[in-house]
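# okay, sequence plus prediction incoming.
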Amino acid sequence: MVHFLFLWMMGALLQVCHATIYTNDWAIRIRGDRECVSRIAEKYGFTNMGQIGDLKSYYSFRHSETAMRSTVSNTQVSVSVATETEVEWLQQQVVLRREKRNSRANHVFSVNLKSENLPTAHPSNQTLHNDSMWRNPWYHSGMNIGGAWRRGFSGKGVVVSVLDDGIEREHPDLKPNYDPLASRDVNGQDDDPSPNYSSAAASNYHGTQSAGTIAAAAHNSHCTVGVSFHARIGGIRMLDGDVTDMVEAQSLSFRPQYIDIYSASWGPEDDGATLEGPGPLTRLALENGVRNGRRGRGSVFVWSSGSGGLRGDHCSCDGYSSSIYTVSISSSRSEHLEHLERCSSTLAAAHPGGEGMVTLGPQKSCSRTTAASSLSSSVGAGVIALTLQANPLLTWRDVQHIIVRSSKSHRLPDPDWSVNGAGFRVSHLYGFGLLDAEAMVLEAQRWRRVPAQRSCVQEDPQISRAMFPGSVLTSVFQSSGCSSRVVFVEHVVVRLSIDHRRRGDLSITLTSPSGTESKLLNNRPFDDSTEGFPAWELMTTHSWGEPAAGGVDSEDQRLVL
């Protein structure tokens with residue numbers, strides 16, 4: 001059975017959580033002052049760990065008499081605390097499975113700072129800097145990053161924080177730009193985001209790689225140069241321990257008035273079977289960020305679009321990269337296309353470098369990577385930092401509009417390219433194309449802020465209908481745009497509920513009033529779940545700029561395998 005709800009330009013994500021490991025941490029919303037919060041914590045044996053990030057009235061409580069990890073929830077404590085009239089909501093936290101988007105290093109090496117100095121040369125694409133590995137300008141091809149630099153943009157004045165396994169703040173390529181005010185160890189509950197390099201965690205330099213891609217310092221004769229080499233760079237260590245909804249929310253709402261850009265290259269497992277998105281706290285953190293962050297202009301969240309193509313995965317089943325609040329970045333590396341996921345939520349692509357590209361390694365070293373698609377979102381964050389330097393007054397939606405208008409498609413061959421009803425070329429693999437840094441900073445300088453976001457929510461009046469094996473179910477929905485409340489489209493979100501005995505057999509296509517087709521979901525061969533889609537939301541950017549009013553078609557298919 002299937003039921004649809006169409007949302008134009010607005011969406012909230014529902015987590016479908018299969019985790020069964022409970023922690024001794026509770027997230028609690030309390031209506032009251034600090035004295036009230038302390039009283040409730042003490043009465044029920046909790047330690048008040050403080051407010052959850054920037055989320056007002058939400059607190060982290062830890063219960064010492066509850067096991068740190070258990071397959072059974074402590075309902076007795078939850079029920080008791082819920083009797084307090086000031087307690088409006090609470091949730092015992094569960095462990096979530098989150099994985100870093102892969103970036104493997106096949107060679108880690110050190111650089112002799114005395115013997116590897118290269119002379120500063122004239123400002124061409126190849127010789128802008130004297131860093132030891134700069135002769136291999138890995139991410140410049142086609143993205144016009146050098147063009148943005150020559151116009152004086154280097155990310156100066158912009159603050160970026162990498163949400164990952166930590167960053168090595170003493171690394172020679174990061175130390176000049178490291179910002180302690182943009183850093184936090186959420187796992188260890190202190191202010192030092194340094195990664196754990198014990199033997200069991202020797203690979204914990206994914207965050208350091210990402211940070212270097214964004215903001216490695218220039219002219220220091222070390223590994224490489226970041227896209228925004230004068231940006232301030234911080235790190236939030238949150239993947240090197242139990243990840244919960246509360247950990248994610250703390251990370252995404254850390255100092256939103258100070259941090260401009262949050263960069264994340266992780267998410268639910270790219271196994272072709274997982275269906276997960278932000279929990280209630282993380283969803284609230286994203287919404288709070290875009291509404292209140294950066295003094296009301298909105299935090300910019302940059303996310304990797306996923307690399308589960310070999311497993312038939314689809315980013316519509318990842319509620320982080322498919323959120324309207326995140327800038328979802330794919331990779332333009334042609335030699336690894338099979339790893340990419342074709343999704344209607346991807347906004348653009350970035351070039352993360354070729355084989356053997358140089359990034360930062362552990363313990364002040366450099367590294368050459370063989371799979372760098374996970375760094376595409378980091379390159380994207382760096383380009384957005386250049387853009388915000390060009391115009392610090394841009395809102396989070398302005399940034400997305402500039403990406404749509406300035407990205408280039410001609411360097412990315414793909415038979416999937418189409419032209420939507422507003423004249424934009426768009427692809428399920430690359431979004432609106434390859435980021436163009438120079439075009440973005442120029443567009444930012446002359447940009448006029450878009451009007452306030454308006455949302456239109458309309459329900460499908462049709463009753464639920466049955467689907468049969470091998471059939472196609474088509475739902476035609478007449479959208480009014482809420483009587484012209486929404487004139488042109490940015491994001492389209494479809495909330496649907498489907499009961500199905502094998503979720504992976506389903507594929508869903510949305511056709512807009514202008515005739516643009518968005519593949520909201522592809523078949524997933526490894527998804528054997530019988531749970532279907534319980535009020536799940538699918539998002540497309542492919543109708544960007546089109547009129548909202550008109551007939552909308554949605555097709556659901558069950559293919560016989």
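Great, that's in hand. Numbers count the residues shown, from 1 in each chain.
# name the nearest residue to residue 185, sequence neighbours excluded.
residue 237 (4.4 Å; Cβ to Cβ, 6 or more residues apart in numbering). No exception for glycine: its C-beta is placed from N, CA and C like everyone else's.
# all strands of the stretch 401-550 of the chain, in order?
Secondary structure of the stretch 401-550 of the chain (DSSP state E, counting those that start in this stretch): strands at 418-419, 425-426, 456-459, 472-479, 492-498, 506-511, 517-521, 533-540, 550-558.
# longest single helix anywhere in the protein?
If you go by DSSP state H, the chain has its longest helix at helix 376-390.
# how distant is it from the center of its chain?
14 Å (Cα atoms, centre = their mean, to the nearest Å).
# cool, and stretch 214-224?
Relative to the chain's own centre, stretch 214-224 is displaced by 25 Å; criterion: Cα atoms, centre = their mean.
# if we can go back for a sec, list the buried residues of the longest helix of the chain.
Of all the residues in helix 376-390, those buried under the rule 16 or more other Cβ atoms under 10 Å are 376-390.
# go on, stretch 264-281?
264-268, 270, 272-281.
# same thing with stretch 191-207?
So for stretch 191-207, counting by 16+ other Cβ under 10 Å, buried means 193-196, 204-207.
# so who does residue 546 touch?
420-422, 488-489, 512-514, 516 (Cβ atoms under 8 Å, 6 or more residues apart in numbering).
# which of those residues ranks first by neighbour count?
Among the contacts of residue 546, the one with the most neighbours (other Cβ atoms under 10 Å) is residue 489, at 28 neighbours.
# just checking, residue 374 touches residue 206?
Yes - contact status for residue 374 versus residue 206: in contact at 7.3 Å, counting by Cβ atoms under 8 Å.
# measure stretch 219-238 end to end?
This stretch, stretch 219-238, spans 31 Å end to end (Cα to Cα, to the nearest Å).
# since we're on residue 65, how many residues are nearby?
Neighbour tally, residue 65, other Cβ under 10 Å: 10.
# distance of the closest residue to it other than its chain neighbours relative to residue 62?
Once flanking residues are discounted, residue 65 sits nearest to residue 45: 5.8 Å by Cβ to Cβ, 6+ apart. Distance, residue 45 to residue 62, using Cβ to Cβ, to the nearest Å: 10 Å.
# same check on residue 56?
20 Å.
# which residue ranges of the stretch 51-200 of the chain form helices?
75-82, 145-150 (DSSP state H, counting those that start in this stretch).
# highest mean neighbour count out of those?
Counting by mean count of other Cβ atoms under 10 Å, helix 145-150 has the highest mean neighbour count of these, with a mean of 21.
# max pairwise distance over the contacts of residue 546: which two?
Greatest spacing in these, by Cβ to Cβ: 488 and 516 (13.0 Å).
# name the nearest residue to residue 405, ignoring sequence neighbours.
residue 443 (6.2 Å).
# how about residue 538?
Per Cβ to Cβ, 6+ apart, closest to residue 538 is residue 520, 4.1 Å.
# check which helix or strand the closest residue to residue 48 other than its chain neighbours maps to.
Leaving aside its chain neighbours, residue 48 sits nearest to residue 41 (4.2 Å; criterion: Cβ to Cβ, 6+ apart). Using DSSP states H and E, residue 41 sits within helix 34-43.
# ok, the residue nearest to residue 65 to residue 64 distance?
Taken as Cβ to Cβ, the span from residue 45 to residue 64 is 7 Å.
# likewise for residue 91?
Residue 91 is 19 Å from residue 64, by Cβ to Cβ.
# who has more neighbours out of those two?
residue 91 (17 against 9).
# show me the one of the strands of the stretch 401-550 of the chain that comes nearest residue 181.
strand 533-540 (32.8 Å).
# I'd like to check the angle between the closest one and strand 517-521, please.
Strand 533-540 and strand 517-521 meet at an angle of 140 degrees, taking axes from the mean of the first three to the mean of the last three Cα atoms, to 10 degrees as the criterion.
# ok now strand 533-540, how far from the chain's centre?
The answer for strand 533-540 is 17 Å, by Cα atoms, centre = their mean.
# and the contacts of that strand?
So strand 533-540 is contacted by 7, 11-14, 16, 275, 277, 316, 319, 322-324, 344-345, 491-498, 500, 503, 506, 508, 510, 518, 520-521 (Cβ under 8 Å, 6+ apart).
# pairing partners for it, with directions?
Using DSSP bridges, the strands paired with strand 533-540 are strand 492-498 (antiparallel).
# now do the strand it pairs with, average pLDDT.
Taken as a whole, strand 492-498 has a mean pLDDT of 91.
# for that strand, buried residues please.
492-496, 498.
# can I get that strand as PDB, trimmed to CA atoms?
Extracted as PDB, the C-alpha positions of strand 492-498 are listed here (Å, rounded to 0.1, in the frame of the first residue of the first chain):
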ATOM      1  CA  VAL A 492      10.800  19.100  -3.700                       C
ATOM      2  CA  VAL A 493      10.300  16.600  -0.900                       C
ATOM      3  CA  VAL A 494       8.000  13.600  -1.300                       C
ATOM      4  CA  ARG A 495       7.000  12.000   2.000                       C
ATOM      5  CA  LEU A 496       5.600   8.500   1.400                       C
ATOM      6  CA  SER A 497       4.500   5.400   3.300                       C
ATOM      7  CA  ILE A 498       4.900   2.100   1.500                       C
END
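# between that strand and strand 472-479, how many degrees?
Using the same axes, to 10 degrees: strand 492-498 against strand 472-479 is 130 degrees.
# now do strand 492-498 against strand 506-511, angle only.
Going by the same axes, to 10 degrees, strand 492-498 makes 150 degrees with strand 506-511.
# hang on, the earlier thing: just the buried ones from the contacts of strand 533-540?
7, 11-14, 16, 275, 277, 316, 319, 322-324, 344-345, 491-496, 498, 500, 503, 506, 508, 510, 518, 520-521.
# circling back to that earlier point, show me the two of the buried residues of stretch 191-207 that sit farthest apart.
194 and 206 (13.6 Å).
# shouldn't residue 211 be within a helix?
Yes - using DSSP: H, G, I helix; E, B strand; the rest coil, the assignment for residue 211 is a helix.
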